[in-house]
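Asker: kindly generate the corresponding structure for this input.
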Amino acid sequence: MAARAVAPQQPLRIRGEGKPKMVEAEGRTRRVLQDIGNLVPDRAVEGKPGPQPAEKNKKAITQKLGGGVGKGGDVAAKATVIEKCKAEKPKTVLSSADRRHIINISDSKSRDKNKRTLTSTLSARSKAACGLNNNPLDSVANIDEADANNELAVVEYIDDMYKFYKLAEDENTVTDYMGTQPDLNAKMRSILIDWLIEVHRKFELMPETLYLTVNIVDRFLSLKTVPRRELQLVGVSSMLIACKYEEIWAPEVNDFVSISANTYQREQILVMEKVILGKLEWLLTVPTPYVFLVRYVKASEPSDEEMENMVFFLAELGLMNYPIAISYSPSMIASAAVYAARRTLDKSHLWTTTLQHHTGYVEDELKECAELLMNLHRGAADSKLKAVYRKYTSPDRSAVALFPPARSVSPDRSVEV
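Answerer: Here you go, the predicted structure:
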């Protein structure tokens with residue numbers, strides 16, 4: 001262990017009559033040096049001067065009195081001077097190194113104190129500038145609290161991921177392409193999607209596979225003219241691609257040949273698969289309505305199985321409808337499906353601050369799309385295309401298709417604050 005520093009002893013100058021005499025100071029314990037680990041031998045009692053040689057004290061007192069004690073000086077004056085000498089604290093002389101060390105400690109403490117004060121000040125100003133102190137979004141529910149320990153939920157990144165999805169959906173938006181398809185129309189597309197929903201259900205595929213299939217069909221048809229006889233081939237090949245992308249155990253090509261009643265041969269499906277991937281430049285990682293649905297259903301509190309099935313029922317009705325599919329973004333369709341489902345199930349608040357926070361849409365932005373979805377619900381029972389309706393009349397889907405359709409959106413229902 002390194003030797004501890006010892007404060008150097010400095011002479012003390014005592015004022016008096018005649019030539020001043022130098023008296024060496026004894027080592028004394030100083031509080032600040034004790035704090036930093038410097039020790040001085042022969043500690044004195046804290047706050048009191050250390051012992052001084054008797055002879056030197058006598059000489060100092062004599063000088064104060066102006067003469068020796070035994071020379072007949074005034075006794076009262078002598079006693080007063082003696083008491084003053086006793087009460088007078090000796091001066092402590094610090095070395096230059098000690099002074100620098102003490103100054104550094106003082107400056108460090110001062111900086112730490114200022115840092116804490118500055119941080120709290122900046123935090124308060126930041127909250128005030130962002131409006132967090134009185135922001136109604138302070139009441140937003142933490143929908144990820146239950147998944148805090150679930151690594152697959154990636155709670156730390158989920159908000160950033162959905163911000164990216166909202167940006168990415170604009171890059172993959174499908175515009176009205178029926179004008180470039182002389183042999184096709186919106187009704188043919190609806191028939192194709194209705195049939196794909198049946199195939200999807202028969203193969204018991206993942207829900208995201210269906211949404212990706214429809215996305216691939218629309219994007220491909222917006223890029224290439226397709227004759228009517230190949231429209232079903234496009235649908236089959238699109239589902240094959242989506243299955244390979246989403247499913248753990250994807251159906252084989254021969255399964256799709258069989259499900260299409262041998263309308264197309266295996267080689268035709270594989271050729272079309274290659275053409276589709278080439279036109280899409282192999283871009284399959286795109287935000288579909290399903291990506292947003294799972295998040296927005298979670299934000300629709302309280303959310304139960306009935307609510308979830310109603311949302312997906314309305315969203316799949318929207319998949320079949322060409323005007324909805326090409327007029328609204330995936331996030332808008334998902335938000336409107338949640339809004340329409342809450343209206344159909346007569347929830348106390350149609351649009352909450354939690355939903356507004358996570359979707360980024362206010363109620364007025366959703367009413368038009370939600371009204372179209374509710375109109376589809378009203379006509380689902382009488383439509384000739386019943387794949388979605390049959391799917392959601394089953395008990396395992398809470399039979400939500402049988403629920404009374406909602407009336408028109410009431411303009412007086414507003415966001416919960």
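Asker: got a pLDDT number for the nearest residue in space to residue 190 that is not next to it in sequence?
Answerer: Of all residues not flanking residue 190 in the chain, residue 320 sits nearest, at 5.0 Å (C-beta to C-beta, 6 or more residues apart in numbering). To be clear about C-beta, it is placed using only N, CA and C from the backbone, and glycine gets the same treatment. On the pLDDT scale, residue 320 is placed at 95.
Asker: how about residue 126?
Answerer: pLDDT recorded at residue 126 is 58.
Asker: show residues contacting stretch 198-213.
Answerer: 196-197, 235, 238-239, 241-243, 245-247, 251, 255, 259, 284, 286, 288-291, 312, 316, 319, 387, 391 (C-beta atoms under 8 Å, 6 or more residues apart in numbering).
Asker: now the element after the helix or strand containing residue 167, going C-ward?
Answerer: Element membership for residue 167 (DSSP states H and E) is helix 158-171. Sequence-wise, the next helix or strand downstream of helix 158-171 (DSSP H and E) is helix 186-202.
Asker: list the buried residues for that next one?
Answerer: Counting neighbours by 16 or more other C-beta atoms under 10 Å, one finds that the buried residues in helix 186-202 are 186, 188-197, 199-200.
Asker: include pLDDT and distance to residue 331 when you put those residues into JSON lines, please.
Answerer: Below are the buried residues of helix 186-202 laid out as JSON lines (pLDDT from 0 to 100; distance: C-beta to C-beta, whole Å):
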{"residue": "186", "pLDDT": "96", "distance to residue 331": "23"}
{"residue": "188", "pLDDT": "97", "distance to residue 331": "27"}
{"residue": "189", "pLDDT": "97", "distance to residue 331": "22"}
{"residue": "190", "pLDDT": "97", "distance to residue 331": "23"}
{"residue": "191", "pLDDT": "97", "distance to residue 331": "27"}
{"residue": "192", "pLDDT": "97", "distance to residue 331": "24"}
{"residue": "193", "pLDDT": "97", "distance to residue 331": "20"}
{"residue": "194", "pLDDT": "97", "distance to residue 331": "24"}
{"residue": "195", "pLDDT": "97", "distance to residue 331": "27"}
{"residue": "196", "pLDDT": "97", "distance to residue 331": "22"}
{"residue": "197", "pLDDT": "97", "distance to residue 331": "22"}
{"residue": "199", "pLDDT": "96", "distance to residue 331": "27"}
{"residue": "200", "pLDDT": "97", "distance to residue 331": "22"}
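Asker: looking at those, which is nearest residue 263?
Answerer: The shortest gap between residue 263 and any of the buried residues of helix 186-202 belongs to residue 195, at 11.4 Å (C-beta to C-beta).
Asker: how about the closest one, what does it touch?
Answerer: Contact partners of residue 195, counting by C-beta under 8 Å, 6+ apart, are 232, 235, 387.
Asker: how about residue 220?
Answerer: Counting by C-beta under 8 Å, 6+ apart, residue 220 touches 226, 234, 238, 276, 279-280.
Asker: any idea which element it lies in?
Answerer: Residue-wise, residue 220 maps onto helix 207-221 under DSSP H and E.
Asker: and the next element down the chain from that helix?
Answerer: Downstream of helix 207-221, the next assigned helix or strand under DSSP H and E is helix 231-246.
Asker: where does the stretch 101-250 of the chain dip in pLDDT?
Answerer: Residues of the stretch 101-250 of the chain that meet the criterion pLDDT under 70 lie in 101-138.
Asker: circling back to that earlier point, what comes up buried for the helix holding residue 167?
Answerer: By neighbour count on 16+ other C-beta under 10 Å, the buried set for helix 158-171 is 158, 162, 165-166, 169.
Asker: how about the helices of the stretch 201-350 of the chain, start to end?
Answerer: Under the criterion DSSP state H, counting those that start in this stretch, the stretch 201-350 of the chain contains helices at 207-221, 231-246, 253-259, 266-279, 289-299, 305-320, 322-327, 330-344.
Asker: most packed of those?
Answerer: Here the criterion is mean neighbour count by mean count of other C-beta atoms under 10 Å, and of these the winner is helix 330-344, at a mean of 27.
Asker: cool, thanks, talk later.
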